[in-house]
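Student: need a 3D model of the sequence below.
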Amino acid sequence: MKKKVLFVCVENSCRSQIAEGLAKKLGGELIEAWSAGSKPSGKVNPTAIDLMKERGVDLGAQKSKGLTDLPAAKWDYVFTMGCGDACPFVPAVAKADWAIPDPKHMPRADFSAVIDQIQAKIEQLLREIKP
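Tutor: Next up, the predicted model:
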């Protein structure tokens, strides 16, 4: 049975979208990935879309969503992306804050390094839950 994983940040336009896209690509057989924001911006960051396309992940089809847009689910894992007090509480079996810096105003190279950080966290998660 797939683990239900939710990535949460404020705008759901960048970090959480990247995490959702990578989790779907890397862990599709192990996890069901979702993302949401406490105050969704309504769009996915264009730099995130471009850089993720280079990695074979299409964020262009994803939408910025709020917590109320999610299906009713019992979450196995909820990861906040480093938004501190601005991240809402979402009940889950396991929760952690990944403390990922917001790359939205960073140069492309630094933005890409943030994507690498998120990918490393997801790869670690997959090692932990792999049967």
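Student: C-alpha only now, for contacts and for neighbours.
Tutor: Noted.
Student: all strands of the chain, in order?
Tutor: 3-9, 31-37, 75-80, 92-97 (DSSP state E).
Student: format those as JSON lines; extra columns: mean pLDDT, distance to Phe111 and mean neighbour count.
Tutor: Listed next are the strands of the chain as JSON lines, based on pLDDT from 0 to 100; distance: least, Cα to Cα, whole Å; neighbours: other Cα atoms under 10 Å:
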{"stretch": "strand 3-9", "mean pLDDT": "94", "distance to Phe111": "16", "mean neighbour count": "23"}
{"stretch": "strand 31-37", "mean pLDDT": "94", "distance to Phe111": "19", "mean neighbour count": "23"}
{"stretch": "strand 75-80", "mean pLDDT": "94", "distance to Phe111": "18", "mean neighbour count": "21"}
{"stretch": "strand 92-97", "mean pLDDT": "89", "distance to Phe111": "19", "mean neighbour count": "14"}
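Student: with respect to Pro107, which of these lies nearest?
Tutor: Pro107 sits nearest to strand 3-9 of all these, at 20.5 Å, using Cα to Cα.
Student: that closest one pairs with which strands, parallel or anti?
Tutor: Here strand 3-9 has these sheet partners by DSSP bridges: strand 31-37 (parallel), strand 75-80 (parallel).
Student: of those strands, which is nearest Lys2?
Tutor: Nearest of the strands paired with strand 3-9 (Cα to Cα): strand 31-37, 4.7 Å.
Student: just how off-centre is the closest one within its chain?
Tutor: In terms of Cα atoms, centre = their mean, to the nearest Å, the centre of strand 31-37 is set 6 Å apart from its chain centre.
Student: run through who's touching it.
Tutor: 2-12, 16-17, 19-20, 23-24, 64-67, 69-70, 87 (Cα atoms under 8 Å, 6 or more residues apart in numbering).
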